[in-house]
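A.B. asks: structure, please.
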Amino acid sequence: MIYTVTFNPAIDYVVRMDRLEPGSINRASQELIQFGGKGINVSTVLGNLGTESVALGFLAGFTGRAIEAGLSAAGVRTDFIHLPEGFTRINVKIKAGEETELNGRGPTIPPEALEALFRKLDALTGGDILVLAGSIPASLPSDIYERILERLDGRGISAVVDAEGDLLANVLKYHPFLIKPNRLELGGMFGQTLETLDEVRACAAKLQERGARNVLVSMAGDGAILLDETGRFHQAPAARGTVRNSVGAGDSMVAGFLAGWLDSGQYESALRLGTAAGGATAFSDGLASRDAVEAVLRTL
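C.D. replies: All right, here's what the predicted structure looks like:
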């Protein structure tokens, strides 16, 4: 089973307008509500591709109940921990030529709620996949990813980590099955601006030397590369289409990669499906549907 963890889920309220005028009343020409958070995005796209998962994390208040009901209606299995106070955050994403975001803070996660999550993770067994994705709320320890992987170390659980900076660097010693930085995040880990493919590949190789089994790097219009655990290098061109949405494209790539890997056992196929899923989300108003992924896949 695949389990995803989202520490700070959100309701994303996405609005489109011709122009945003600060200090004035602005009216949306189009609006969309999505249930967000990186782990939730992964679970949603996995479900769209026919791969089952269980979404874990923390919810609170009426917004949390709305997320749980919405995911259930979409066929996503959930096992969230409900917090006694606060409410799950609402993020406002304004698309008016440029993209402007106003992200909520989210509820405080008390120590007893974190312990409840640990107990759920203790039930994972060998062969399960655990996806840790996204930032950490201020109420949690900054080394929470490291604590989780240390707790699960040696149990045959494959970890997927989609994070940046120290959050990612500090878990490499636990040999995660897959990490997925984008080019900017990868360069930031080494204090570099990565302009050439050789530079990207060299930095990815350094993360593999530090313990990552498979390193997947998304490069927007330049496609993606994968260094797999057998030592092979794979490169995928970018999907071609009109970009409408940047939210969730990286999460969709992770979901597509996992679905492709579980279906074929081949890294080349996993990279191809991951690239298609990421592109399909980028070309859609929301997260990629199966039909959208298959349409992009036919162009690769």
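A.B. asks: strand partners of the helix or strand harbouring residue 225, parallel vs antiparallel please.
C.D. replies: Here residue 225 sits within strand 224-227, counting by DSSP states H and E. Applying DSSP bridges, strand 224-227 is found paired with strand 214-218 (antiparallel), strand 233-236 (antiparallel).
A.B. asks: I'd like to know which of those strands is closest to residue 10.
C.D. replies: Residue 10 lies closest, by Cβ to Cβ, to one member of these: strand 214-218, at 21.4 Å. Placement of C-beta: from N, CA and C, glycine included.
A.B. asks: highest mean neighbour count out of the strands paired with strand 224-227?
C.D. replies: Highest mean neighbour count among those (mean count of other Cβ atoms under 10 Å): strand 214-218, with a mean of 25.
A.B. asks: turn the strands paired with strand 224-227 into TSV, including mean pLDDT and distance to residue 185.
C.D. replies: Converted to TSV, the strands paired with strand 224-227 look like this (pLDDT from 0 to 100; distance: least, Cβ to Cβ, whole Å):
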stretch	mean pLDDT	distance to residue 185
strand 214-218	96	9
strand 233-236	94	18
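A.B. asks: quick one: mean pLDDT over the strand holding residue 225.
C.D. replies: Strand 224-227 carries an average pLDDT of 96.
A.B. asks: quick one, what contacts residue 299?
C.D. replies: Residue 299 is in contact with 239-240, counting by Cβ atoms under 8 Å, 6 or more residues apart in numbering.
A.B. asks: in a strand, it, correct?
C.D. replies: No: counting by DSSP: H, G, I helix; E, B strand; the rest coil, residue 299 falls outside a strand, being coil.
A.B. asks: tell me how far it lies from residue 280.
C.D. replies: Counting by Cβ to Cβ, to the nearest Å, the separation of residue 299 from residue 280 is 10 Å.
A.B. asks: what about the helices in the stretch 101-250 of the chain?
C.D. replies: In the stretch 101-250 of the chain, the helices defined using DSSP state H, counting those that start in this stretch lie at 111-122, 144-152, 166-169, 183-189, 197-209, 249-264.
A.B. asks: among these, which is the most enclosed?
C.D. replies: helix 249-264 (a mean of 25).
A.B. asks: what angle do that helix and strand 214-218 make?
C.D. replies: Orientation check (axes from the mean of the first three to the mean of the last three Cα atoms, to 10 degrees): helix 249-264 against strand 214-218 gives 140 degrees.
A.B. asks: got any residues that touch both of residue 299 and residue 280?
C.D. replies: When contacts are counted by Cβ under 8 Å, 6+ apart, residue 299 and residue 280 have residue 239 as shared neighbours.
A.B. asks: how about the helices of the stretch 101-250 of the chain in JSON lines, adding mean pLDDT and distance to residue 131?
C.D. replies: Formatted as JSON lines, the helices of the stretch 101-250 of the chain follow (pLDDT from 0 to 100; distance: least, Cβ to Cβ, whole Å):
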{"stretch": "helix 111-122", "mean pLDDT": "96", "distance to residue 131": "12"}
{"stretch": "helix 144-152", "mean pLDDT": "96", "distance to residue 131": "11"}
{"stretch": "helix 166-169", "mean pLDDT": "90", "distance to residue 131": "13"}
{"stretch": "helix 183-189", "mean pLDDT": "92", "distance to residue 131": "17"}
{"stretch": "helix 197-209", "mean pLDDT": "95", "distance to residue 131": "18"}
{"stretch": "helix 249-264", "mean pLDDT": "96", "distance to residue 131": "7"}
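A.B. asks: kindly calculate the angle that the helix or strand where residue 59 lies makes with helix 111-122.
C.D. replies: Using DSSP H and E, residue 59 falls within strand 53-60. Angle of strand 53-60 versus helix 111-122, following the same axes, to 10 degrees, is 170 degrees.
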